[in-house]
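*Asks:* sequence first, predicted coordinates after that:
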Amino acid sequence: MDPDLVLHKTAKGREEIEKRTHRVNAKRRTLLILIDGRATAADLAEKTAHIADAYALLETLLAEGFVEPPGGALPSGSASRSAVPTAAAPAAATMPTASLDELRRAACKQVERMMGPDGDSIALKLERAENMQDFLVQAQKTREILKAFLGPRKADEFWKALGL
């Protein structure tokens, strides 16, 4: 994400703040609350230094339609709305070609391979995703966990194994 990018909340973002309709996690909610249409991505990352990978979370909020640049247009060279990338990983399409069941199996297999029994609770959350959107949100969380505990290479390996 461009550190100079300024974001503002969409109607969906404002609704989430007011009613918690979409039930975003605490880290993304914190960032969403701080987005005011004036602060740059770098400003937001600095304000939330306690949150690991704030840029990736901002990208997720952008991809999910909670925020957008003023005027709704992304600057040239920016990731598209259909991407959910992290700073160190390639862009990932939000609608993969594999079925939800195939993705669940592949994700659980990768978590088990990388983390062994320590990853059981993570795999369980991936298995319980009820729809593709829930799965993608949980997969992104899993990716962030893998990045924090096993490093960016393993996180990218997980993402590629899912075809995202």
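*Replies:* Received it, and whenever you're ready, just let me know what you need. Numbering: from 1, shown residues only.

*Asks:* now for the longest helix seen in the chain, which elements pack on it?
*Replies:* Longest helix in the chain, counting residues (DSSP state H): helix 132-150. On a contact count with 3 or more Cβ pairs under 8 Å, 6 or more residues apart in numbering; DSSP states H and E, helix 132-150 meets helix 54-63, helix 100-115, helix 120-127, helix 152-161. Bear in mind the C-beta positions are built from the backbone N, C-alpha and C, glycine included.

*Asks:* turn those into JSON lines, columns for distance to residue 14.
*Replies:* Formatted as JSON lines, those follow (distance: least, Cβ to Cβ, whole Å):
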{"stretch": "helix 54-63", "distance to residue 14": "13"}
{"stretch": "helix 100-115", "distance to residue 14": "29"}
{"stretch": "helix 120-127", "distance to residue 14": "28"}
{"stretch": "helix 152-161", "distance to residue 14": "30"}
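
*Asks:* most tightly packed of those helices?
*Replies:* Mean neighbours per residue, mean count of other Cβ atoms under 10 Å, is largest over the helices and strands packed on helix 132-150 for helix 54-63, with a mean of 24.

*Asks:* could you pull up the mean pLDDT of that one?
*Replies:* In this model, helix 54-63 carries a mean pLDDT of 86.

*Asks:* equivalent analysis for stretch 103-114, please.
*Replies:* 92.
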